[in-house]
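Novice: I would like the atomic coordinates for the input below:
(one chain, ligands or ions: 3)
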Amino acid sequence: MYINCRVCGGNVQEFVDLGRQTMANGFLRPEDVEREYFFRLAVGMCELCTMVQLLEEVPQHLRYHDAYRYHASGSESHRKHFAQNARRFMESELTGPDPFIVEIGCNDGVMLSTIAQAGVRHLGVEPAGNVAELAKAKGVQVLSEFFDLATATEIRAEHGRADVIFGANTICHIADIESLLLGVDVLLGPDGVFVFEEPYLGTIVGRTAFDQIYDEHIFYFTVRSVQAMADRFGLELVDVERIPLHGGEIRYTLARPSKRTPTPAVGDLLAAERTRGLAEPETFERFGHDVERVRGDLVTLLREIRAEGRRVVGYGAPGKCTTVTNYCEIGPDLVPFICDSTPSKQGHLVSGSHIPVRPPEAFAHDYPDFALLFAWNHAEEIMTKEKAFRDAGGKWILYVPDVHIIG
Ligand code: SAH
Ligand code: TMP
Ligand code: ZN
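Specialist: Ligands and ions are numbered 1, 2, ... in the order given. Now for the predicted structure:
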């Protein structure tokens with residue numbers, strides 16, 4: 001099957017199908033299981049601009065609403081990273097008279113709260129009302145809308161143009177990327193920068209991190225595809241930087257053409273992507289086989305553990321765990337519950353697989369033999385916090401980049 005590319009209109013050829021799936025951050029109440037939304041989770045690459053993207057999509061108002069369950073401030077390492085980001089902007093792009101920064105998808109204010117505390121003019125654009133309220137409680141100015149051309153035009157009329165437009169783990173969520181980029185063009189000042197940090201296709205393919213593929217992630221960026229997208233919409237990719245979040249992301253900086261000299265990092269990463277064949281069909285064919293192998297290994301291991309009468313509990317219920325449990329058909333029979341520190345996920349069920357989510361105390365109260373780490377991108381933080389589990393003989397199961405046990 002193919003669709004037309006959301007960026008350039010070219011043919012998008014499918015390369016992996018993760019089957020019938022639901023919304024990654026669905027987290028149902030037990031009484032709502034009858035009303036689940038299903039779609040086919042399949043990914044393809046555009047033959048013209050190489051943008052990798054979902055073939056089918058869930059409407060955005062079903063994904064982002066007043067009960068959105070992802071709270072960006074949930075992890076210590078994320079809080080540190082975004083506070084650092086804010087300081088970096090205040091020392092570089094936001095030093096002129098009365099600077100202005102707009103964040104697309106500010107969530108609970110994890111980045112903008114630092115900007116607000118410093119008294120710098122800012123605006124968060126956040127459609128999910130519940131997390132927008134959390135940001136407001138931290139003193140952040142928030143417009144509770146979807147960012148698009150119309151919203152950008154409104155913001156410009158009210159506040160003027162922005163020195164920085166920022167987005168983290170949000171730009172790849174926005175299916176109407178054309179409206180987004182036209183909005184950026186309207187709102188960005190002549191010398192401004194559009195900076196975004198997003199999951200990297202190179203990490204997903206290189207580490208077989210197929211759990212990063214879910215309904216909210218419409219696009220899977222590479223330096224090459226982002227550069228093509230920037231060119232098409234009259235912007236220039238002037239810097240790229242690897243960052244450690246979510247297992248290895250890239251921070252892209254776009255500016256108006258000829259305003260900044262691109263850093264050597266852009267050419268270096270483009271060359272590395274060429275060497276790795278990151279836009280080659282064979283690479284995706286291999287990825288498809290790797291994904292199947294991980295599924296086979298993980299299910300075999302969980303069945304063996306069950307056959308031996310030992311217990312496994314899931315640790316961390318990120319959106320990613322929805323893809324893994326549904327694709328591998330792991331239900332409460334293999335993993336009776338997953339513990340997670342996010343209060344709004346607790347007492348709910350993972351969509352599709354219906355594994356209950358419980359508070360971390362449920363884990364500590366009665367240690368299992370194994371903990372399956374769905375929040376693998378927070379491995380260090382979690383394993384440090386849960387040191388007593390290993391001291392008591394407990395073992396961690398990881399499935400990225402392959403299935404292995406840490407004990
Ligand atoms: N920036 C945070 C949150 C990422 S979650 C972090 O990096 O951790 C993605 C956020 O984008 C959600 O809060 C969602 O409600 C928001 N979002 C989705 N579509 C959007 C749009 N069109 N405009 C602005 N925000 C959007
Ligand atoms: P993320 O990978 O999208 O950041 O989501 C991580 C999930 O893991 C989130 O639901 C919170 C949860 N979590 C814990 O339960 N305990 C922890 O110590 C950490 C860091 C995260
Ligand atoms: Zn394209």
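Novice: Just to check, residue 321 is in contact with residue 338?
Specialist: Yes - Residue 321 is in contact with residue 338 according to Cβ atoms under 8 Å; the separation is 6.5 Å. Where C-beta positions appear, they are placed from N, C-alpha and C, glycine not excepted.
Novice: what is in contact with these two at once?
Specialist: Listed as contacting both residue 321 and residue 338 by Cβ atoms under 8 Å, 6 or more residues apart in numbering are 314, 350, 374.
Novice: out of the residues you listed, who's nearest ligand 1?
Specialist: Nearest to ligand 1 among the shared contacts of residue 321 and residue 338: residue 374, at 16.8 Å, using Cβ to the nearest ligand atom.
Novice: Just give the number of residues close to the closest one.
Specialist: 28 (other Cβ atoms under 10 Å).
Novice: wait, doesn't it sit right on residue 321?
Specialist: Yes - under the contact definition of Cβ under 8 Å, residue 374 touches residue 321, with a separation of 3.8 Å.
Novice: Pull up the overlap in contacts between the two.
Specialist: Common contact partners of residue 374 and residue 321 (Cβ under 8 Å, 6+ apart): 211, 314, 338.
Novice: how deep is the residue of the stretch 1-150 of the chain found nearest ligand 2 tucked in, by neighbour count?
Specialist: Per Cβ to the nearest ligand atom, residue 75 is where the stretch 1-150 of the chain lies closest to ligand 2, at 3.8 Å. The tally of other residues near residue 75 (other Cβ under 10 Å) stands at 20.
Novice: got it, and residue 265?
Specialist: Neighbours around residue 265, by other Cβ under 10 Å: 16.
Novice: same thing with the one 3 residues further on?
Specialist: Neighbour count of residue 268, defined by other Cβ under 10 Å: 12.
Novice: Check residue 139 too.
Specialist: Other residues within reach of residue 139, judged by other Cβ under 10 Å, total 13.
Novice: what's the spacing between the closest residue to it other than its chain neighbours and ligand 1?
Specialist: Using Cβ to Cβ, 6 or more residues apart in numbering and skipping the chain neighbours, the partner closest in space to residue 139 is residue 116 (4.4 Å). In this view, residue 116 and ligand 1 are 15 Å apart by Cβ to the nearest ligand atom, to the nearest Å.
Novice: what's residue 115 in contact with, if anything?
Specialist: So residue 115 contacts 86, 89-90, 94, 101, 122, 140 (Cβ under 8 Å, 6+ apart).
Novice: Spatially, what comes nearest to the residue of the chain at minimum distance from ligand 1 if we skip its sequence neighbours?
Specialist: Across the chain, the shortest distance to ligand 1 (Cβ to the nearest ligand atom) belongs to residue 105, at 2.7 Å. Using Cβ to Cβ, 6+ apart and skipping residues adjacent in sequence, the residue nearest residue 105 is residue 170, 2.9 Å away.
Novice: Looking at strand pairing, list the partners for residue 195.
Specialist: Beta-bridge pairing for residue 195 (DSSP bridges): residue 166, residue 253.
Novice: That one reaches residue 164, doesn't it?
Specialist: Yes - the pair residue 195 / residue 164 is scored as a contact, 6.5 Å apart, by Cβ under 8 Å.
Novice: just the shared contacts of residue 374 and residue 321 that are near ligand 1?
Specialist: With Cβ under 6 Å from any ligand atom as the criterion, the shared contacts of residue 374 and residue 321 include none near ligand 1.
Novice: which of these lies closest to residue 267?
Specialist: Among those, residue 211 lies closest to residue 267 (Cβ to Cβ), at 31.1 Å.
Novice: Can you tell me the SS state at that closest one?
Specialist: When classified by DSSP: H, G, I helix; E, B strand; the rest coil, residue 211 comes out as helix.
Novice: likewise residue 109?
Specialist: Residue 109 ends up coil, using three-state DSSP.
Novice: Please report the distance of the nearest residue to it once chain neighbours are set aside from residue 340.
Specialist: Take residue 109 and drop its neighbours on the chain: the residue closest to it by Cβ to Cβ, 6+ apart is residue 135, 3.2 Å away. Per Cβ to Cβ, to the nearest Å, residue 135 is found 21 Å from residue 340.
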